[in-house]
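*Asks:* Generate coordinates for the sequence data below:
(chains A and B)
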Amino acid sequence: MSHHIVEFKDVFFHYPDGTEALRGINFRITHGESVGIVGANGAGKSTLLQHMNGYLMPTLGIVTIGDCRLSAKTRQEIRRKVGIVFQNPDDQLFMPTVFDDVAFGPLNLGLDEVSVRARVMKALGMVNGLALQDKPPHHLSAGQKSSVAIASVMAMEPDILAMDEPAASLDPRSRRLLIVLLNTFKHSKLIASHDLDLILDVCERCIVIGNGTVVADGPSAEILSNRTLLEENSLELPLSLQRR
Amino acid sequence: MTFDETYFDIGRLDRLSYRDTCVHRLDPRAKVIVTMLFLITVISFPNYEVAALVPFALFPVLLLTLGEIPARFILRKVLLVSPFALLIGIFNPFLDTRTAIVIAGLPISAGLLSFLSILLKFALTVSATLLLIATTSFPGVCHALRQLRFPALFVSQLQFLYRYLFVLMEEAMRIIRARDMRSFGKRGAGLKVFVRLIGILFLRTVDRAERIYYAMLSRGFQGDIPSLKRSHLAAADLVFMAMTIAFLGVFRYFRITEGIGRLAQELIG
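*Replies:* Residues are numbered from 1 along each chain as shown, chains lettered A, B, ... in the order given. So this is what the prediction gives:
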């Protein structure tokens, strides 16, 4: 199936202030693959994710999602295909109740009331959040917030799921539940994170970004056990591989 | 009151609204309509009216009792905003010194009457509004406003205000804590630092707004916040509305207080 493909071809991006965030990124992700994006702070991970649905447009180069080349015209269409989960769930949950928030995406897709309700229930069920539907987001714990944030994206039924530091504010138990949850999704996944153990558990492939380019790209097990490569990029071996 | 206390106070008002009593269960639309009618009726009384306003206190008192809202909490809030009303009316007794009525040989000036009238109207309207918020979840109120055809832009502003009030206050609380932990005595707590804190808070808010907008775009936002119908007006809501409207009408157009007074006089005489 070609519509779950993500391709970056010589993508350059610099911010208006001149900062060069991406300097020729190349990769291709095929249907159902789950890929971890790792790298030092400021390496360009978040910038890269923001290209996934056209919030940022490449200064140079081509981003292709499915059969669609990213441009100002195809942006809306691409946003239906790519769901992005943000690092801070407070930015993501902007509606006054959990139900409204999860319903926001499907309503924007123009679905009718019955299917919107069905989607909200399905998405909340996926993250064990059905009991939360009438709560306002500020009454939720950080773990609950991030589950709801995931549900709000899942309700759009995206082909491709992109996440920025999904486990950053979670306690170990919530983090474990998240890993289990992520492993049940059969979408193409892109996960940017410093949590290398999470990447090791969820992603079969791993891309190391350094200084705005792809430094390494290969099977997670191989890349995440390469101590020199990781240390060159301000990373270290995942804790589970640090048996000394 | 310190910043933390103010924060938890607002949080308390919010938590009250998620209780489950017969008042809380009423449809938000019914409560919004009734509260608006109540406000209009109270304000519609002429400047010098005092006696006829008193019976209207029945409405907030009933909501308070049935909704199990702590009276002191609401009273404190009313007192908190009372300086506005006080300032508006405080000079009336001195400017308008005509004698309006004489009670037990004591002349009462028209200015004093209008001052009392302002205070009463203020207390009634503010407490009724506070009680609406305390007995109805804010999303419920917004939803009701939308269903009552208030402009979408206005309602979505309210929704965002509610959603991010708490986030913003937590942000401010963190900044203030960070300052307090590193400032000793008066140093570091001055106006100059405060102004900078406000600046930082503003910049953070702008950044956040941008991220939120990105989140909205990512989920297909195209300028209108859609919403689903949720509540249905039940028989109880209609009864509640009918009763309150009847109450408002009777107390507005019949001089109940006077009537009770006459009746008492006749009984005595």
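
*Asks:* does the closest residue to chain A within the stretch 1-150 of chain B belong to a helix or a strand, and which?
*Replies:* In the stretch 1-150 of chain B, the residue that lies nearest chain A is B:P139 (3.8 Å; Cβ to the nearest Cβ). C-beta coordinates here come from the backbone N, C-alpha and C atoms, glycine included. For B:P139, the host element (DSSP states H and E) is helix B:138-147.

*Asks:* who in chain A is up against chain B?
*Replies:* A:50, A:53, A:55, A:76, A:79-80, A:83-84, A:86, A:88, A:90-97, A:100, A:103-105, A:107-109, A:113, A:116-117, A:136-139, A:152-153, A:156 (Cβ under 8 Å from any Cβ of the partner chain).

*Asks:* any low-confidence regions in the stretch 51-200 of chain B?
*Replies:* B:185-189 (pLDDT under 70).

*Asks:* Can you tell me which residues in it are near chain A?
*Replies:* So the stretch 51-200 of chain B meets chain A at B:137-139, B:142, B:159-160, B:162-164, B:166-167 (Cβ under 8 Å from any Cβ).

*Asks:* Neighbour-wise, which one of those residues leads?
*Replies:* B:C142 (27 neighbours; other Cβ atoms under 10 Å in any protein chain shown).

*Asks:* wait, that one sits on B:F160?
*Replies:* No: if you go by Cβ atoms under 8 Å, B:C142 and B:F160 don't touch, sitting 10.0 Å apart.

*Asks:* where exactly do the strands run in chain A?
*Replies:* A:6-14, A:20-29, A:34-39, A:60-65, A:68-69, A:82-85, A:160-164, A:188-192, A:205-210, A:213-219 (DSSP state E).

*Asks:* Make TSV from the ones you listed and add distance to B:V126 to it.
*Replies:* Below are those laid out as TSV (distance: least, Cβ to Cβ, whole Å):
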stretch	distance to B:V126
strand A:6-14	53
strand A:20-29	52
strand A:34-39	54
strand A:60-65	54
strand A:68-69	55
strand A:82-85	42
strand A:160-164	44
strand A:188-192	50
strand A:205-210	56
strand A:213-219	62
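
*Asks:* are any of the residues of chain A next to chain B buried, and which?
*Replies:* Neighbour counting with 16 or more other Cβ atoms under 10 Å in any protein chain shown marks A:50, A:53, A:55, A:79-80, A:83-84, A:86, A:88, A:90-97, A:100, A:103-105, A:107-109, A:116, A:136-139, A:152-153, A:156 as buried within these.

*Asks:* Select from the residues you listed every entry located in helices.
*Replies:* A:50, A:79-80, A:90-92, A:100, A:103-105, A:107-108, A:116, A:152-153 (DSSP state H).

*Asks:* Now the two most distant members of these.
*Replies:* A:Q50 and A:V116 (27.2 Å; Cβ to Cβ).

*Asks:* Tell me where chain B has helices.
*Replies:* B:3-16, B:22-25, B:28-43, B:58-66, B:71-89, B:92-95, B:110-135, B:138-147, B:152-182, B:191-218, B:235-253, B:256-268.

*Asks:* Please work out which residues outside the helix holding B:P139 touch it.
*Replies:* Outside of helix B:138-147, the residues within contact range by Cβ atoms under 8 Å, 6 or more residues apart in numbering or on different chains are A:96-97, A:100, A:136, B:14, B:17, B:27-29, B:31-32, B:132-133, B:136, B:152, B:154-155, B:158-159, B:162, B:227, B:229-231.

*Asks:* again with stretch B:196-215
*Replies:* Counting by Cβ under 8 Å, 6+ apart, A:50, A:55, A:86, A:88, A:90-92, A:94, B:164, B:167-168, B:171-172, B:175-176, B:179 sit against stretch B:196-215.

*Asks:* do the same with stretch A:127-146
*Replies:* A:85, A:89-90, A:93, A:95-99, A:101-102, A:120-121, A:124, A:147-148, A:150-151, A:154, A:166, A:169-171, A:174, A:177-178, A:181, B:14, B:18, B:137-139, B:162-163, B:166-167.

*Asks:* Buried residues in that stretch, which are they?
*Replies:* A:127, A:129, A:132-133, A:135-140, A:143-146.

*Asks:* can you give me the mean pLDDT across that stretch?
*Replies:* Across stretch A:127-146, the average pLDDT comes to 88.

*Asks:* Between the two ends of that stretch, what distance do you get?
*Replies:* 10 Å (Cα to Cα, to the nearest Å).

*Asks:* before we move on, back to that, would you list the strands of chain A in CSV and tack on mean pLDDT and distance to B:P83?
*Replies:* CSV is the format used below for these (pLDDT from 0 to 100; distance: least, Cβ to Cβ, whole Å):
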stretch, mean pLDDT, distance to B:P83
strand A:6-14, 92, 54
strand A:20-29, 92, 52
strand A:34-39, 93, 56
strand A:60-65, 92, 58
strand A:68-69, 88, 60
strand A:82-85, 90, 47
strand A:160-164, 91, 47
strand A:188-192, 92, 52
strand A:205-210, 94, 58
strand A:213-219, 93, 62
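
*Asks:* residues contacting residue 102?
*Replies:* Reading this off chain A. A:V102 touches A:119-120, A:123-124, A:133, A:148, A:151-152, A:155, counting by Cβ under 8 Å, 6+ apart.

*Asks:* let's do chain B instead
*Replies:* So B:V102 contacts B:I108 (Cβ under 8 Å, 6+ apart).

*Asks:* partner residues bridging it?
*Replies:* B:P107 (DSSP bridges).

*Asks:* what about it, distance to B:I108?
*Replies:* Distance, B:V102 to B:I108, using Cβ to Cβ, to the nearest Å: 7 Å.

*Asks:* and what of A:A103?
*Replies:* 58 Å.

*Asks:* Compute the number of surrounding residues for A:V6.
*Replies:* Neighbours of A:V6 (other Cβ under 10 Å): 24.

*Asks:* Actually, B:A178.
*Replies:* 11.

*Asks:* go on, B:M216?
*Replies:* 20.

*Asks:* Over to A:I150?
*Replies:* By other Cβ under 10 Å, neighbour count at A:I150 equals 26.

*Asks:* can you pull the contacts of it?
*Replies:* By Cβ under 8 Å, 6+ apart, the neighbours of A:I150 are A:85, A:127, A:166, A:178, A:181.

*Asks:* mind listing what the fourth one touches?
*Replies:* Contacts of A:L178 were listed using Cβ under 8 Å, 6+ apart, and they are A:146-147, A:150, A:166-167, A:170, A:198.

*Asks:* Next, check these against the helices and list the overlap.
*Replies:* A:146-147, A:150, A:198.

*Asks:* Spit out the contact partners of the closest residue in space to B:A236 that isn't next to it in sequence.
*Replies:* Of all residues not flanking B:A236 in the chain, B:L26 sits nearest, at 6.7 Å (Cβ to Cβ, 6 or more residues apart in numbering or on different chains). Counting by Cβ under 8 Å, 6+ apart, B:L26 touches B:135, B:236-237, B:240.

*Asks:* Go again with 10 Å.
*Replies:* B:34, B:63, B:66-67, B:135-136, B:140, B:231, B:233-234, B:236-237, B:239-241 (Cβ atoms under 10 Å, 6 or more residues apart in numbering or on different chains).

*Asks:* again, but for B:Y162
*Replies:* A:96, A:136, A:138, B:14, B:137-139, B:141-142.

*Asks:* change it to 7 Å
*Replies:* By Cβ atoms under 7 Å, 6 or more residues apart in numbering or on different chains, the contact set of B:Y162 is A:96, B:138.
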